[in-house]
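1. structural data only, the sequence is not supplied:
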């Protein structure tokens, strides 16, 4: 299967991963009751896919409007994984999409982006 799609719920984000195109998107709120149960299979599929890449380009869009501290840890793991992938010769572009009226999400995105050493990072306000 070359895609992974999980519909958003009240507590978990929409996941839209297109492995064939190397396009990945998380959108919505993230505070699932059981963070490891939700993100474990997602991270496993993504990790296995990225480990097999030799060159090419990966683009990952984060479009979160809220996340809890447990989800923040997962986001940090995702950033680490993406940065490691870039270090291994893959062009990785990370887009942090945020509501221009949400200073908190803009600031959080900037803080996550500062941790990247190899991947390209963009803070992008969404259209209002």
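-> Looks like it came in fine. Note that the structure is predicted; figures quoted are calculated from it, not measured.

2. just the pLDDT at the residue nearest to residue 9 when sequence neighbours are not counted, thanks.
-> Nearest residue to residue 9, sequence neighbours excluded (C-beta to C-beta, 6 or more residues apart in numbering): residue 32, at 7.9 Å. For glycine as for every other residue, the C-beta is placed from the backbone atoms N, C-alpha and C. Looking at residue 32, its pLDDT is 96.

3. which SS class is residue 32?
-> Using DSSP: H, G, I helix; E, B strand; the rest coil, the structure places residue 32 in coil.

4. ok, and what's touching stretch 96-115?
-> Residues outside stretch 96-115 that contact it (C-beta atoms under 8 Å, 6 or more residues apart in numbering): 61-65, 75-76, 79-80, 83, 94, 121-126, 128.

5. now a ChimeraX select for only the buried ones of those.
-> The following ChimeraX line selects those of the contacts of stretch 96-115 that are buried, judged by 16 or more other C-beta atoms under 10 Å:
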select :61,62,63,64,75,79,83,94,121,123
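
6. now, the contacts of stretch 96-115 that are in helices?
-> Within the contacts of stretch 96-115, residues falling in helices by DSSP state H are 75, 76, 79, 80, 83.

7. ok, now which ones touch the first one?
-> Same thing as residue 75. By C-beta under 8 Å, 6+ apart, the neighbours of residue 75 are 62, 64, 67, 112.

8. again with residue 90
-> So, once contact is read as C-beta under 8 Å, 6+ apart, residue 90 ends up touching 50, 53, 54, 55, 56, 57, 58.
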